[in-house]
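Enquirer: The amino acid sequence is not available; the structure is as follows:
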């Protein structure tokens, strides 16, 4: 009995500890749910950085969308019109398919961009082309911020490089790094100053209904990525180069810098220009057709 | 002291209850984390349907990836070679940018597809072209399953329509629907039988390292969506039509039907062919340039 009496305060303390642990745990769960899994390494030092990445519109619920894009309510209110696009003879089709493959197969991610100016009208047409992508319920949930102002480009570079440096420094804690110089080239992004244009692609995670309520943009990330694919094809078609980058952690800072509203999240940043005369690319190959296609 | 002794078993029971509760809670968290928020409505009746949608590779951690695609470890081991793509005079660039915009601006999501056969070689080239997309760390995380077999197409249709019907029936519980016939056209997908080709695009959420361990494919969904954008451009270029659909709930069933491995998740299903002679499209317009682009 005396032993039991002694045990009581011990158990009481244990109970308190366990309850305290549970409380902490449930708070952690809330936070991580909000962050939708975004790298929480930097969350302590700069909690606001990741908070803005909240995006619970992806795949969480299909709602009224039936999976067929543009097959939305808007369509019901919409008149249908005949659709008769050009039709090519089989030989022409085959030649066109070959030529387009040859063109696109020359595309590479290029980090060495020439400072030469590029006609603004060409950029306008390339963005117009990207805007022809399909989107869930025809929401067109994209904003292309095209930056040519030198000062703004430099501010963007500072933000991106600061985040990259944090990433690398954190990694240095885990790995022993012999070649600092090599590492350094990875976080210095000269092309952000040099490229005549930076295209920052934002996804609009929701829009506004006439009654002021939020309208979820289903599949906004997929839609904007498809649009980016068309953008890459359009750039390649005019002989311009870029490198697809997804600077996730700096999204919120860049959003604020570029004065974009809270429903917009940075998805990609593409520096655009002619390739530098001494541009190089890694000697990578692509998978052959039978490595990416299965025919049934 | 006697009171304390009496309290001991009570506290012990409480401790056990709390610990048991915590265990349950942590299991719940695991499960919900695995589902990454995928529609859990149907989870009760057919739990296996959603389980396969598990994909925790999206944006959870950038790992060794620095956000610049193809800027991976592979690249360090890779020789760099000069890159000198064709350069067009400004006038040619401008004309090419206009022509490509005109071509792509004619693209529409078309649900009325002709049963006429399409040369297989054209489809091969279109898929080859899609395979030129950039991808996180050059993982090329896509599989294009091209189905022309009538029986297989019909099996796919049955699976897709069954899921669509479930979606619609569930929605009927929430909304009063006057026009059943109108609704019905939404879940019947005749084109899945009629189109000469169905292209099912799978994202590979992870690959295998030489040592047999899993290799996470960062940004696999964004990469595959970009690839889909290039595929849409390639189809439009040869005069073929499609409609982008994301049949999320039937992904696992279709994956099993098509014998794809567990690391592959269905992202999109595109019926491909010539447009039917009486094809119509909703009279939708696209946002003007200043509605999608901001210049700084």
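Expert: All right, it came through fine. These figures come from a predicted structure and were not determined experimentally. Numbers count the residues shown, from 1 in each chain, chains lettered A, B, ... in the order given.
Enquirer: In chain A, which residue sits nearest chain B?
Expert: Of all residues in chain A, residue A:229 sits closest to chain B, at 2.1 Å by CB to the nearest CB. Using the backbone N, CA and C atoms, a C-beta is placed for each residue, glycine as well.
Enquirer: tilt between the host helix or strand of that residue and helix B:220-237?
Expert: For residue A:229, the host element (DSSP states H and E) is helix A:220-237. Here helix A:220-237 runs at an angle of 50 degrees relative to helix B:220-237 (axes from the mean of the first three to the mean of the last three CA atoms, to 10 degrees).
Enquirer: what sits against the residue nearest to residue A:142 when sequence neighbours are not counted?
Expert: Among residues not flanking residue A:142 along the chain, residue A:224 sits closest, at 4.9 Å (CB to CB, 6 or more residues apart in numbering or on different chains). By CB atoms under 8 Å, 6 or more residues apart in numbering or on different chains, the contact set of residue A:224 is A:135, A:141, A:142, A:201, A:202, A:203, A:267.
Enquirer: where in the stretch 1-150 of chain A is pLDDT low?
Expert: By pLDDT under 70, the weakly predicted segments of the stretch 1-150 of chain A are A:1-77.
Enquirer: Can you spell out which residues form a bridge with residue A:293?
Expert: Beta-bridge partners of residue A:293, counted by DSSP bridges, are residue B:144.
Enquirer: so what's the closest residue to residue A:107 other than its chain neighbours scoring on pLDDT?
Expert: Leaving aside its chain neighbours, residue A:107 sits nearest to residue A:236 (4.4 Å; criterion: CB to CB, 6+ apart). According to the prediction, residue A:236 has pLDDT 98.
Enquirer: Do I have it right that residue A:236 meets residue A:108?
Expert: No. Taking contacts as CB atoms under 8 Å, residue A:236 lies outside contact range of residue A:108: 9.4 Å.
Enquirer: For stretch A:80-96, report the contacting residues that lie outside it.
Expert: Contacts of stretch A:80-96 (CB under 8 Å, 6+ apart): B:106, B:108, B:110, B:112, B:119, B:121-122, B:125, B:237-239, B:241, B:274-275, B:278-283.
Enquirer: just to revisit the earlier point, could you check how many residues crowd around the residue of chain A closest to chain B?
Expert: Using other CB atoms under 10 Å in any protein chain shown, residue A:229 is surrounded by 28 other residues.
Enquirer: ok, it - contacts?
Expert: A:133, B:133, B:225, B:226, B:227, B:228, B:229, B:230, B:231, B:232, B:233.
Enquirer: if we go to 10 Å?
Expert: Counting by CB atoms under 10 Å, 6 or more residues apart in numbering or on different chains, residue A:229 makes contact with A:130, A:133, A:244, B:130, B:133-134, B:222-233.
Enquirer: likewise residue A:201?
Expert: A:127, A:130, A:142-145, A:224-225, A:227-228, A:231, A:244, A:246, A:264, A:266-270.
Enquirer: what does residue A:129 give?
Expert: Residue A:129 touches A:227, A:230-231, A:233-235, A:237-238, B:97-98, B:100-105, B:233, counting by CB under 10 Å, 6+ apart.
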